[in-house]
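1. The amino acid sequence is not available; the structure is as follows:
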Ligand SMILES: Nc1ncnc2c1ncn2[C@@H]1O[C@H](COP(=O)(O)OP(=O)(O)OP(=O)(O)O)[C@@H](O)[C@H]1O
Ligand SMILES: Nc1ncnc2c1ncn2[C@@H]1O[C@H](COP(=O)(O)OP(=O)(O)OP(=O)(O)O)[C@@H](O)[C@H]1O
Ligand SMILES: [Mg+2]
Ligand SMILES: [Mg+2]
């Protein structure tokens, strides 16, 4: 195989902070190259330089042996590099086809030939076996489909080098399988792929070679044959990983009781259809399900962000149906939101301000409506220490944190409330394995203290590892429930796909 | 070293406009020389008109007073994430209500003055709250509704003073209320100078706002709402309540701006006297130039006022035609709004940083 | 004090400031005043400085500065300056002021007034006598008290000579919108008006254009506008701001200047109407005709003699 | 006075043209993510330049071209300041309004040696086009026929703009820039160039709006003769949700209400209240349109990381 890409001694500095420190990497045709590393290790930064979105402070890039220098993504695209960003770069009001062809639209005398675009996209769909509905409005597509749109877009642009930044973080297990298959297929067709991910099992499944980053430096460069999940983890985190803490037997009474909750907008199909569930003290209840089956709505209803039409929600015995977010939080609920940028933080806010949310009215941190900054700073610093959050300072903008570090900050904030119940939605999305371990530990610890966790995750392994009880949601209903002991991946998958409990039991 | 590092972030919002003024002045100089006038002499007249002696300084400050209050009001709304373009209407309604209260309510003296101030504040606040309510309740976009409500408020005020409450004494030619009783006038800060206590109120408002945003939980909630409303409501901030409160205070500040103009300068409401000089737009510019920073807004307000009084001085004392001085004014503003300097600043500090580590 | 200052500056030219409440811009009223003042200054050897005010609050500022810079006489103008002048003149009792077009009752202020309503009455009377369709219109700038001197007095004159005539008045809503003024005139024409007077400041130009397009007749304000389009602009209501400025400076120079109120109406020839009180370069239009003019002249005589009193609409 | 008649409608169409043209310009700016409060100034520049062009060349056509060109030039100032120098669009817009007023007044004095207004009875304005067959149809004829070419052009431009935005490749890209500039940049679209183009077009439209004002509706220039039309255009842009056809609707609504308010002056209502009518109705219209086209705020919270 020929070497297609060489990056030599790439360095990127933000002020005096070194995000990438003399990183080198090479990529062959038909190769899948994984880049792994802790949150904030500099993976995204490296890729942004390759894609022309950031200018390297120093370093050289060679494509097919030719030195190149990119000032904007267009240069990268011209050199047949395509990137699927961690957060999608899509136009919500355009159709899939429009999103794919934009920039290189089929035209006739300046007019946009939308019919041709649809055809071209359909062809692509067939060539690469990546299912996308060309005429669907992007805003109405599932996350998985949106990602496939992104992949088709770079393929349409003729990319030979495809960068995928944490592509599996937001996908359901089935979608992940499809994605990995696609990646392999593309490599077999001669494309070179750079895959950034925190999921080492995926790496072992699909990658040919692997570069490990830590603190902006390369700590390992190995081929799949030479390594294992454990070794990669050690290279990444710089230490061994432990097994999860023993869980002690708990038999707590119900802390969260949801009865017959229905949510419906206008006359559409109900988003939540007569849902009832309990979460007991000393228990982690996992909700599995393909995203878009009512999990988000359920969490919004519980946390007070959305009102219910029918049914009741009791928290610690108190009726909290259709109460304000604030009073629900005061009654003892904390909440790790599923989308950290939408709900969990404000990009322009500082780290300190992001952490302050929910604490700003607590008497420890406020006297006569004045914020008491000193004790609060101490608290945030303790989070930063405990979860190893990489942030320049408390004044750093939340938007400048790497995705995983922001997630850790949010998790720390919500755990810090020490409420009897915590909603944890995708708590480890985009988080490196070291941090994932911390977060999982923290959740178990919370459970063992006799508090409760309602866990929503599209990551089956996470659900299986943490939950005492597992519920599966399908189309706004609870499709089935099972205990930790008798839950199997297969059984859950069947329920997630709309099969019924009996089928799964067989 | 410590001091320096902690001062820089504090000064940065102020530093940028200052460096930009320099570039603006250079551009203005080109405009003056195109008009065929001596640059230095013209600028000297401008400077004199704005700060030349104590009298001119105080008139600049008097002029800055309503601009500052409006600017602060707009800044507050901005911080809460809403675009309040309705300062003009809020100011006019505040002013006319205050003037009518001053003329027709019984009583006199300081108690009444405070009452009149409150009337103006509340009138402006309620008008602004109305736009906020339309947005919260009916999703009528604030950006447009506030703009439209300006016309309605100005016309309504004009109706009030040209018919039912018109001053029928004197020539009675002007649509205006009767003159206020002297006991409710805001005292001048210095005998015979135009600056009055309204300026102190405005500066106090800027300081209070600065403190609120830096140190209070209410300020924090407003700020987060402006940054990301989803985040705020997720965290338990009552979005509607905070937005409406912000709108009320925002309008109240504009209403106060109109009120101090009435109580401190004109001593009555005169139709068109507040809208003519474009105070609302100037206040908006002050805010935008200062990035909604309260202290910054106070500074840019004085600066914009100085440009205006300076232009008057230019008109009085040179052959530079009035229009040219307004051209110079806009050229200055244009360049001061540019972010060139910020870029330079950033590049410099980056370069400095990498030098340090190599 | 001004006296001692005056003594010292014996050989130096005396300084007069003309502080205008607005930019000279769109209003011929101020342009004329400036011209009149300039002419007088030249003739009587004064140094004249005209200061235009950028906005309402600049007026007081400019007056104060004029006081501080030691002008011997400060002339200002119009109701907009009333408050400012009261303050500044009250604080500077030794300074001489004059205000044109409104009254400020202070011992050191000479107030020079116009009785525009008398001229508007005449214009209305002429319109009433001339109209063939019995519909007469007026396009006014804004619905504000001041303009009642035009709109109300015009209507009174109209009804006096032609009680059955229909009178349409529309307001532009601004002093500087000829396009809208034109639309309003076109509208009135479509309602059958054959004479539409302009009282819309610069908007009058729009009215004139409409007249040319639709062939109705119109009248202008302040100066003789008939030259612009003799065929359609058949009359002009006159206001001698130039003369008044000139007279004021002349009086100051001759020492006959004294504070108090001076009013210029038809009698003093401060206001008027083309053909009736003043000659015009343009020949009289047939639409009006000498007969009408003669009748209006008779009305004018009655007003001048006091036999007929035209009420100032602003005084109730 | 009758409330409703034909002159009302035909006057509406005439009066609405500058607003419509400028509002379309405003929409183009809005579509690339810029809020252009400088429309007022750009129209004024156009109105003045049209008169200068006519005075110098004696050709109405060249005058209109010159007006479009001059407004284009000033819109480039807006573009340069906001795109290249990253200045706040509102501040630049306000400053351009000041600048336009100052410059036109100054130039009026230097070029024509007059203050306040330039009016030349012999100057030819835009011709009025009588449309052959339509002219004779009773009601429609007086409504549709007999306007200046720019009136017809403005409606045509609205439709062309619609086709441009929704049918052509460049228009498609313009839309994308406004929808998600980060994404547009990430796929290598020349965001800056597209913004420049949209603003340039908007400048041309404002120039035409000015020409219609100073050569179409009247044939003269007076200081500040735009009299707030730019701001009304801004409202029309927003009410029409930056959609060309929507803007035809919102401009006509506003123009119609304005014409109505003039009719109402004849009744005993105080003028101030009749003048409020267009604004009040617009707010009511917004209330009725409220659920449409409210772009989701979520887009703003996307991360580039
Ligand atoms: N614009 C910026 N300004 C300052 N610091 C930045 C900026 N962008 C990134 N950083 C910092 O650079 C470091 C590397 O960030 P990067 O996004 O590359 O991490 P990552 O490896 O992709 O992490 P994750 O796995 O969490 O996505 C982080 O510490 C981050 O805070
Ligand atoms: N002063 C100017 N006058 C006219 N056109 C200009 C001016 N400055 C830049 N342009 C044009 O505007 C376009 C945008 O320039 P700019 O460099 O800001 O953006 P870009 O690099 O093309 O795109 P991107 O913003 O995506 O990086 C260029 O194509 C250039 O031709
Ligand atoms: Mg990353
Ligand atoms: Mg560029």
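-> Sure, I can see it. Source: prediction; values computed, not measured. Ligands and ions are numbered 1, 2, ... in the order given.

2. so how far is ligand 1 from residue B:164?
-> According to C-beta to the nearest ligand atom, to the nearest Å, residue B:164 and ligand 1 sit 60 Å apart. Heads up, the C-betas are built off the backbone N, CA and C, glycines and all.

3. How about the secondary structure of that residue?
-> Here residue B:164 is recorded as coil under DSSP: H, G, I helix; E, B strand; the rest coil.

4. can you tell me how far it sits from residue B:104?
-> In this view, residue B:164 and residue B:104 are 11 Å apart by C-beta to C-beta, to the nearest Å.

5. again with residue A:123
-> For residue A:123, the distance to residue B:104 - C-beta to C-beta - is 79 Å.

6. Also residue A:451?
-> Look at residue A:451 and residue B:104: by C-beta to C-beta, they are 63 Å apart.

7. One more: residue A:384?
-> Residue A:384 is 61 Å from residue B:104, where distance means C-beta to C-beta.

8. One more: residue B:37?
-> When distance is defined by C-beta to C-beta, residue B:37 is 50 Å away from residue B:104.

9. Between those two, which is the more surrounded one?
-> When neighbours are counted by other C-beta atoms under 10 Å in any protein chain shown, residue B:37 and residue B:104 differ, and residue B:37 comes out ahead with 17 against 10.

10. okay, now the closest residue to that one other than its chain neighbours: neighbour count?
-> Using C-beta to C-beta, 6 or more residues apart in numbering or on different chains and skipping the chain neighbours, the partner closest in space to residue B:37 is residue B:320 (4.9 Å). For residue B:320, the neighbour count with other C-beta under 10 Å is 23.

11. for residue B:320, helix, strand, or coil?
-> On the three-state scheme (three-state DSSP), residue B:320 is labelled coil.

12. Check whichever residue of the stretch 1-150 of chain A sits closest to chain D and give its pLDDT.
-> Residue nearest to chain D within the stretch 1-150 of chain A: residue A:74 (3.2 Å; C-beta to the nearest C-beta). Listed pLDDT for residue A:74 reads 86.

13. Make sure it is indeed in a strand.
-> No - going by three-state DSSP, the assignment for residue A:74 is helix, not a strand.

14. Count residues in the vicinity of it, would you?
-> Quick note: residue A:74 (other C-beta under 10 Å) scores 17 neighbours.

15. isn't it right next to residue A:52, touching?
-> Yes - the criterion here is C-beta atoms under 8 Å, and residue A:74 meets it with residue A:52 at 7.2 Å.

16. what about chain A, any weak spots by pLDDT?
-> Within chain A, the stretches with pLDDT under 70 are A:1, A:500-506.

17. Tell me the residues of it that contact ligand 3?
-> Applying C-beta under 5 Å from the ion, we find that chain A lies next to ligand 3 at A:44, A:403.

18. Then the stretch 51-200 of chain C?
-> Within the stretch 51-200 of chain C, no position is near ligand 3 by C-beta under 5 Å from the ion.

19. Which parts of the stretch 51-200 of chain C are strands?
-> With strands called from DSSP state E, counting those that start in this stretch, the stretch 51-200 of chain C shows them at C:73-77, C:96-100, C:109-114, C:135-140, C:166-171, C:195-199.

20. In a markdown table, list those strands along with mean neighbour count and mean pLDDT.
-> Listed next are the strands of the stretch 51-200 of chain C as a markdown table, based on neighbours: other C-beta atoms under 10 Å in any protein chain shown; pLDDT from 0 to 100:
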| stretch | mean neighbour count | mean pLDDT |
| --- | --- | --- |
| strand C:73-77 | 27 | 93 |
| strand C:96-100 | 26 | 92 |
| strand C:109-114 | 22 | 89 |
| strand C:135-140 | 26 | 94 |
| strand C:166-171 | 21 | 92 |
| strand C:195-199 | 30 | 94 |
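
21. Now distance to residue B:227 too, for the ones you listed, in TSV please.
-> TSV is the format used below for those (distance: least, C-beta to C-beta, whole Å):
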stretch	distance to residue B:227
strand C:73-77	52
strand C:96-100	55
strand C:109-114	58
strand C:135-140	51
strand C:166-171	47
strand C:195-199	54
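
22. Out of those strands, flag the one nearest chain A.
-> That would be, of those and by C-beta to the nearest C-beta, strand C:166-171, which comes in at 44.7 Å.

23. so does the closest one get close to chain D?
-> Yes - using C-beta under 8 Å from any C-beta of the partner chain, we find that strand C:166-171 touches chain D at C:168-171.

24. Let me know the pLDDT of the residue nearest to residue B:37.
-> You'll see residue B:320 listed with a pLDDT of 73.

25. Tell me the secondary structure at the closest residue in space to residue A:467 that isn't next to it in sequence.
-> In space, residue A:467 comes closest to residue A:286 once its chain neighbours are excluded; the distance is 3.1 Å by C-beta to C-beta, 6+ apart. The assignment at residue A:286 comes out as strand when based on three-state DSSP.

26. Now do the contacts for residue A:286.
-> Applying C-beta atoms under 8 Å, 6 or more residues apart in numbering or on different chains to residue A:286 gives the contacts A:455-457, A:462-464, A:466-467, A:469-471.

27. Torsion angles phi and psi at the most centrally placed residue in chain B?
-> Nearest residue to the geometric centre of chain B (C-alpha atoms, centre = their mean): residue B:67, 2.6 Å. Dihedral pair for residue B:67: phi -60, psi -40, per degrees, to the nearest 10.

28. what helix or strand does the residue lying closest to it once chain neighbours are set aside sit in?
-> Once flanking residues are discounted, residue B:67 sits nearest to residue B:301: 4.3 Å by C-beta to C-beta, 6+ apart. Here residue B:301, judged by DSSP states H and E, is contained in helix B:294-317.
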